[in-house]
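S.K.: fold the stuff below for me.
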Amino acid sequence: MATKEPGYVYILTNPSFREDWVKIGKSSRPVDIRSKELDNTAVPLPFEVFATMKTVKYNEAEKLVHRYIERFTNLRIRNNREFFNIKPEEALEIFNDVAMVLEDA
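M.R.: The predicted structure is shown next:
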């Protein structure tokens with residue numbers, strides 16, 4: 001049986017956004033590559049990597065982080081996007097909570 005390759009869950013910030021807006025997503029590739037892909041004409045400045053979590057369970061980890069944020073408040077900026085109205089430091093606390101329940105994060 002093949003071993004699943006690890007991926008990443010990330011918190012990105014952007015200096016052109018409000019200080020309490022973050023993008024929380026996942027990628028099977030390194031986050032610095034993913035953040036460069038998001039640097040396009042839709043955003044004035046490039047994204048900055050605030051935090052990453054490496055795990056083979058990156059799909060589940062991303063869903064858990066999103067669910068934890070949404071469980072207590074409606075912080076998702078748009079329902080079909082991965083942008084949240086939460087300070088990066090608060091999102092990092094949730095990241096740390098999710099990492100504790102995963103064996104390999």
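
S.K.: check which helix or strand covers the residue most central in space within the chain.
M.R.: Using Cα atoms, centre = their mean, the residue of the chain that lies closest to the mean C-alpha position is I24, 2.4 Å off. Element membership of I24 [criterion: DSSP states H and E] is strand 21-27.

S.K.: which other residues reach that strand?
M.R.: With contact meaning Cβ atoms under 8 Å, 6 or more residues apart in numbering, strand 21-27 is reached by 7-14, 33-34, 38, 47, 50, 58-59, 61-62, 65-66, 69, 77, 82-88, 91. For glycine as for every other residue, the C-beta is placed from the backbone atoms N, C-alpha and C.

S.K.: direction included, what does it pair against?
M.R.: Strand 21-27 has its sheet partners listed here by DSSP bridges as strand 7-13 (antiparallel), strand 83-85 (antiparallel).

S.K.: buried ones in the following helix or strand past that strand, by neighbour count?
M.R.: For strand 21-27, the following helix or strand on the C-terminal side (DSSP H and E) is helix 31-37. Neighbour-count burial for helix 31-37, counted by 16 or more other Cβ atoms under 10 Å, picks out 31, 34-35.
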